[in-house]
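> sequence unknown, structure follows:
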Ligand code: G1P
């Protein structure tokens, strides 16, 4: 078994109901943030962290995402024939040694089920999971040094699965998986200017505020040992009638170390209309003033 993290699983099967009507005919992951589709930034983040294989878990209406990452030879020829070499070159940004593939989820049984579907491709290696609704701010963090790269490094040192968390307002805890700390004093160690990393006691998926064990929310970046697949295979539907990744993480905690990594920089929810529109404006402003 290798300890190298070379695969990132990106679940893209969701219908994006919070993004209708934009997501009716266009997958929400391809909606623009400034001058790129949202998922472009997520894949760039993965590549900056050293990931070589991107595994999209989708369904029939999501094949446009796979096409976005594929070479379109006809378009390339046409652009070059018309001397639009610069545009043609800009479309070939994916490094040669990075592959993007898609498998299908089949039944929409939840995030945990989607991740389990990647097992035949990932095999026995540790791997990352990246939720594409969450786009980390690429303008304030230097991605090759931050967050996912930090988590992969921490994993390689400790062999503990890593879950990225960030503090959220009380009014938002019901939208997230929330971390239960082993020691509440750990919160005082958070400085905000560097990633912190410590063991976690468990997670509660989308609690009411009164039941929330902290305000540290699961952001949507994970590094797992392949053992998570065994637990996912045995996880029963729970919150929302879905097979939840957080339940399998809790089971993993009982047999293997699992750590949380605190997030540096900020993130955008590109799967929610209000935050998506705010993110679009921010990305466009950054790019227009560059
Ligand atoms: C998922 C996870 C949740 C996490 C959230 C981050 O929920 O189940 O633990 O906090 O992503 O965006 P979803 O938003 O897919 O319902």
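Thanks, I have it. Remember, predicted model here, so these are calculated numbers, not experimental data.
> and the worst-scoring helix or strand of the chain on mean pLDDT, which strands flank it?
Within the chain, judged by mean pLDDT, DSSP states H and E, the helix or strand with the poorest mean is strand 197-205; its value is a mean of 90. Sheet pairing of strand 197-205 (DSSP bridges) gives strand 177-181 (antiparallel), strand 258-262 (antiparallel).
> which of the ones you listed is buried the deepest?
Among the strands paired with strand 197-205, the stretch with the highest mean neighbour count (mean count of other Cβ atoms under 10 Å) is strand 258-262, at a mean of 24. Every C-beta, even on glycine, is put in place using the N, C-alpha and C of the backbone.
> close to the ligand, is that strand?
No. Remark: strand 258-262 sits outside contact range of the ligand, by Cβ under 6 Å from any ligand atom, the gap being at least 12.0 Å.
> before we move on, back to that, can I get the strands paired with strand 197-205 in JSON lines including mean pLDDT and distance to residue 87?
JSON lines is the format used below for the strands paired with strand 197-205 (pLDDT from 0 to 100; distance: least, Cβ to Cβ, whole Å):
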{"stretch": "strand 177-181", "mean pLDDT": "93", "distance to residue 87": "41"}
{"stretch": "strand 258-262", "mean pLDDT": "94", "distance to residue 87": "38"}
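> that older thread, check which element follows the least confident helix or strand of the chain along the chain.
Using DSSP states H and E, the helix or strand that follows strand 197-205 in sequence is strand 216-224.
> Pull out the buried positions in the next helix or strand after that following strand.
Following strand 216-224 in sequence order, the next helix or strand is helix 227-233 (DSSP H and E). Residues 227, 228, 229, 230, 231, 232 are the ones in helix 227-233 that count as buried (16 or more other Cβ atoms under 10 Å).
> Determine the set of other helices and strands touching the helix or strand following helix 227-233.
Toward the C-terminal end, the helix or strand that comes next after helix 227-233 (DSSP H and E) is helix 245-253. Using 3 or more Cβ pairs under 8 Å, 6 or more residues apart in numbering; DSSP states H and E as the contact criterion, the secondary-structure elements in contact with helix 245-253 are helix 111-116, strand 161-167, strand 197-205, strand 216-224, helix 227-233.
> and with 6 Å instead?
Helices and strands touching helix 245-253, by 3 or more Cβ pairs under 6 Å, 6 or more residues apart in numbering; DSSP states H and E, are helix 111-116, strand 197-205, helix 227-233.
> Mind putting these into CSV with distance to the ligand?
Rendered in CSV, the data for these read as follows (distance: least, Cβ to the nearest ligand atom, whole Å):
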stretch, distance to the ligand
helix 111-116, 5
strand 197-205, 6
helix 227-233, 13
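> between these, which gets nearest to residue 18?
Residue 18 lies closest to helix 111-116 among these, at 15.3 Å (Cβ to Cβ).
> quick one: buried residues of the next helix or strand after that closest one?
Proceeding N to C from helix 111-116, the next assigned helix or strand is helix 119-122, under DSSP H and E. Applying a neighbour-count criterion of 16+ other Cβ under 10 Å, one finds 119, 122 buried in helix 119-122.
> Enumerate the residues of the protein near the ligand.
Applying Cβ under 6 Å from any ligand atom, we find that the chain lies next to the ligand at 111, 131, 133, 134, 176, 177, 205, 217, 218, 220, 245, 246.
> Looking at the strands paired with strand 197-205, which is nearest to residue 98?
In this view, those are compared for proximity to residue 98 by Cβ to Cβ, and strand 258-262 is the closest at 23.5 Å.
> What angle do helix 245-253 and that closest one make with each other?
With axes from the mean of the first three to the mean of the last three Cα atoms, to 10 degrees applied, the angle from strand 258-262 to helix 245-253 works out at 130 degrees.
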